[in-house]
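In: quick one: sequence plus predicted model below, questions after.
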Amino acid sequence: MKEESSIGKISPRVELESIRNYMTPYHQAKALFDLLAERPASANISHSTMPTWDEHKAFISSCPYHRWFLIVADDRYVGACYHGHNNELGIAILQQYQRRGIARIALQMLMEHPPKPALPGSRPGHYVANIAPGNVASMRLFRALGFGDYQVTLAKRS
Ligand SMILES: CC(C)(COP(=O)(O)OP(=O)(O)OC[C@H]1O[C@@H](n2cnc3c(N)ncnc32)[C@H](O)[C@@H]1OP(=O)(O)O)[C@@H](O)C(=O)NCCC(=O)NCCS
């Protein structure tokens, strides 16, 4: 984990490019696959193994998120972020582009759009971030954006 701070660095120009769930162009699917391949185990909650290319394409086609974007900086894909159906946010940045303030800017852009309204019993009316317990970088990132403790989820894995 890098410990360098982004404070004092020039903010990069960040753009969000919408991911097409149907007829997804190869370059979008490949960029998402490359991100998954370098994702550290400490960041994973719901899966721990790398999907096959076909599984990956099927996942994209399943419309897994409410809004889903590739993050563009320096005219390159450097990460991806999403707003899930239950207002959960997720983000990943390629290692070589981390600690430049890109995740912070991308999440701020994502949250310019309001969260979906609350659905009693299933969806909060505000944004949430589900973070694996050891993922210090992500916790610090979301806390820096004003997120605070909301819920503790325990799992019984048999
Ligand atoms: C978490 C992650 C998205 C951060 O992306 P990033 O572009 O490097 O983050 P930023 O440069 O915008 O950092 C913003 C703040 O987050 C915190 N932060 C980010 N990376 C950190 C790290 N490695 N260690 C400690 N704090 C970190 C800091 O408070 C930082 O502010 P600072 O640089 O002024 O100190 C990136 O490390 C990543 O992709 N990790 C793997 C995937 C993942 O864990 N996703 C989150 C699951 S929801």
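Out: Cool, got the structure. Numbers count the residues shown, from 1 in each chain.
In: and the longest helix for this structure?
Out: helix 26-37 (DSSP state H).
In: which helices and strands sit right next to the helix or strand just after that one?
Out: Downstream of helix 26-37, the first helix or strand assigned by DSSP states H and E is helix 53-61. Helices and strands touching helix 53-61, by 3 or more C-beta pairs under 8 Å, 6 or more residues apart in numbering; DSSP states H and E, are helix 26-37. No exception for glycine: its C-beta is placed from N, CA and C like everyone else's.
In: list the buried residues of the helix it packs on.
Out: Within helix 26-37, the residues that qualify as buried are 28-29, 31-33, 35-36, counting by 16 or more other C-beta atoms under 10 Å.
In: what's that helix packed up against?
Out: Judged by 3+ C-beta pairs under 8 Å, 6+ apart, helix 26-37 is in contact with helix 53-61, strand 67-73, strand 76-83.
In: rewinding a little: adding pLDDT, write the buried residues of helix 26-37 out as TSV.
Out: Below are the buried residues of helix 26-37 laid out as TSV (pLDDT from 0 to 100):
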residue	pLDDT
Q28	97
A29	97
A31	97
L32	97
F33	97
L35	96
L36	95
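In: can I get those residues in a markdown table with distance to the ligand?
Out: Formatted as a markdown table, the buried residues of helix 26-37 follow (distance: C-beta to the nearest ligand atom, whole Å):
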| residue | distance to the ligand |
| --- | --- |
| Q28 | 18 |
| A29 | 19 |
| A31 | 14 |
| L32 | 13 |
| F33 | 15 |
| L35 | 8 |
| L36 | 10 |
